[in-house]
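[1] turn this into a model:
(one chain, ligands or ions: 1)
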Amino acid sequence: MSRVIIIGAGGVGNVVAKKCAQNDSVFTEVLIATRTVSKADKIVAEIHEHMPNSRTKFSTASVDADNVPALVKLFNSFRPELVINVALPYQDLTIMDACLETGVHYLDTANYEPLDVAKFEYSWQWAYRERFEKAGLMALLGCGFDPGATNVFTAHHAKHHFKEIHYLDIVDCNNGSHGKPFATNFNPEINIREITANGRYWENGAWIETQPLEIAQDIYYPKVATRKSFVLYHEELESLVVNFPTIKRARFWMTFGEAYIKHLSVLEAVGMTSIEPINFRGQQVAPIEFLKAVLPAPESLAADYSGKTCIGVQARGIGHDGQEKVHFVYNVCDHAETFKEVQAQAISYTTGVPAMIGAMLMLQGTWKKAGVYNVEEFDPDPFVAAMNQWGLKVEELAGIELVHD
Ligand code: NDP
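    Residues are numbered from 1 along each chain as shown. As a prediction, the model looks like this:
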């Protein structure tokens, strides 16, 4: 018997809501609150149409999640145990403030990012630790796929395969095709800010900065393809090197096609990816926000998407037997199958399923501690078991090095 509020009704919110509806013995009452309430209403209509047997009771509301008093009012009227924040990273702190004010647990899938600085890091949210501890509340940060499942996979390596992890490579391949000349798979603003920023990886106790997409290599993604992959900075690196201090080097790799990079380079060159507002006919407009408005909405790509994603974590280090070893833990997800199941492409699916699982483990008390935590700080076993149960099969490959020095 759990009451939950989902904030955000985009690509990821759609999946979280539908997975909650499948898991109706845990999620008994769910309110989907978002800025444009018609999007939440559409999700609920689809649930009633495609999942008529779900016993989860859904309702919807309109809320501006940048506004703490509005959130407090909403939380006080619905009285949830937990809020699943799948709006945008800009809203993390206001939602955490409202949770503290109303005594509600918190979960998100992306770390805080200020609207006017293209920078993301955990410091802002880690600063809430003491307040959550004192309030007896839990905040679980970054519980999507990457971050999220990738943190769980790293904890799984540390628990089951390695005495010491020395080299960590997180790899993210989307080998799918949506048939559009250019589109982003999740919120364009967040996606483009992430890719056009400088790359960064951890080596020997320090961050090494690179130019955007400067380092690349061909990586074989099991059951999917060999694809050119680029080093970029990704938020889970920040917490993983803190929580697994034996790591000497940690990198994050993502695939991008030639056409994607060409479009992005042109958009960047003409200033369309800038977050600096410009004056346009008397109105202040950030070019990237305008670009978002003209690009296809990520959720609209789902119907025609084909192909697969493969996201995983390769670890190298010393095994429990004292010998050097390499091991890969990963998931392969099929765009067409996720569309059939929840009318979503695989990027939204691989984010939304872990968010539902994290929420379930918190509500059941399996993962429960007062304070602010990253996913790898908990026992990975129940999470991996739940991934296998709820649509994301976890696979392993021993002894083959997929990512090289
Ligand atoms: P979308 O842009 O599709 O959806 C975002 C939703 O949040 C929309 O419904 C939007 O409303 C709503 N929203 C935005 N601002 C506000 C606000 N101020 N108040 C209330 N609602 C608001 O994004 P996605 O679904 O693709 O992504 C959701 C989150 O998931 C993002 O934070 C993203 O970074 C994260 N993510 C995490 C991944 C992971 O693996 N960890 C991978 C992919 C995404 P409206 O429609 O009115 O704009």
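[2] next to the ligand, which bits of the stretch 1-150 of the chain? Give me the list.
    For the stretch 1-150 of the chain, the residues in contact with the ligand (C-beta under 6 Å from any ligand atom) are 8-13, 34-36, 39, 63-66, 86-89, 91, 109-110, 144-148. Using the backbone N, CA and C atoms, a C-beta is placed for each residue, glycine as well.
[3] would you show me how to pick out the buried ones of these in PyMOL?
    The PyMOL selection below is limited to those of these classed as buried (16 or more other C-beta atoms under 10 Å):
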select buried, resi 8+9+10+11+12+13+34+35+39+63+64+65+66+86+87+88+89+91+109+110+144+145+146+147+148
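[4] in the stretch 101-250 of the chain, which residue sits nearest the ligand?
    Residue nearest to the ligand within the stretch 101-250 of the chain: G144 (2.4 Å; C-beta to the nearest ligand atom).
[5] which pLDDT value goes with the nearest residue to that residue once chain neighbours are set aside?
    Closest residue to G144 apart from its sequence neighbours, by C-beta to C-beta, 6 or more residues apart in numbering: T109 at 3.4 Å. On the pLDDT scale, T109 is placed at 98.
[6] so T109 makes contact with D146?
    No. T109 is beyond contact range of D146, at 9.7 Å (criterion: C-beta atoms under 8 Å).
[7] next, give phi and psi for the residue in the stretch 1-150 of the chain that the ligand sits nearest to.
    In the stretch 1-150 of the chain, the residue that lies nearest the ligand is G10 (1.9 Å; C-beta to the nearest ligand atom). Main-chain dihedrals, G10, degrees, to the nearest 10: phi -90, psi -150.
[8] what residues are up against it?
    34, 39, 86, 186-187, 297-299, 348 (C-beta atoms under 8 Å, 6 or more residues apart in numbering).
[9] hang on, E29 in a helix?
    No. Per DSSP: H, G, I helix; E, B strand; the rest coil, E29 lies outside any helix segment and is strand.
[10] which residues touch it?
    Per C-beta under 8 Å, 6+ apart, neighbours of E29: 2-4, 56-57, 59.
[11] next one, pLDDT for it please.
    Note for E29: predicted pLDDT of 98.
[12] A118 now?
    For A118, the predicted pLDDT is 67.
[13] and if you look at E113?
    Reading off the model, E113 has pLDDT 89.
[14] that one: which element?
    Using DSSP states H and E, E113 falls within no helix or strand.
[15] quick check: bridge partners of the closest residue to C20 other than its chain neighbours?
    Ranked by C-beta to C-beta, 6+ apart and with sequence neighbours excluded, the top spatial neighbour of C20 is F27, at 3.8 Å. For F27, the beta-bridge partners are S2 (DSSP bridges).
[16] how about the helices in the chain?
    For the chain, the helices defined by DSSP state H occupy 11-22, 37-50, 68-78, 92-102, 123-126, 129-135, 149-160, 188-196, 236-243, 258-269, 287-294, 335-342, 346-363, 380-389.
[17] for this structure, which residues score under the pLDDT cut-off?
    By pLDDT under 70, the low-scoring segments of the chain are 118.
[18] let me see the domain layout of it.
    Annotated domains of the chain cover 2-141, 149-345+393-398 [automatic domain parsing].
[19] just name the most buried of these.
    domain 2-141 (a mean of 20; mean count of other C-beta atoms under 10 Å).
[20] surely K39 meets I7?
    No. At 12.0 Å, K39 does not count as touching I7 under the criterion of C-beta under 8 Å.
[21] now do the contacts for the residue sitting nearest the centre point of the chain.
    By C-alpha atoms, centre = their mean, the chain has its centre lying nearest to G144, at 3.4 Å. For G144, the contacting residues are 12, 109-110, 350-352, 354-355, by C-beta under 8 Å, 6+ apart.
[22] bridging residues for it?
    Beta-bridge partners of G144, as defined by DSSP bridges: G148.
[23] my understanding was that L295 contacts F186; is that so?
    No. In this structure L295 lies outside contact range of F186 using C-beta under 8 Å: 11.6 Å.
[24] how much space between the residue of the stretch 101-250 of the chain closest to the ligand and I6?
    13 Å (C-beta to C-beta, to the nearest Å).
[25] try M356
    Taking C-beta to C-beta, one finds M356 at 9 Å from I6.
[26] before we move on, what about P69?
    20 Å.
[27] same deal with Y330?
    27 Å.
[28] check Q217 too.
    Remark: distance between Q217 and I6 (C-beta to C-beta) = 38 Å.
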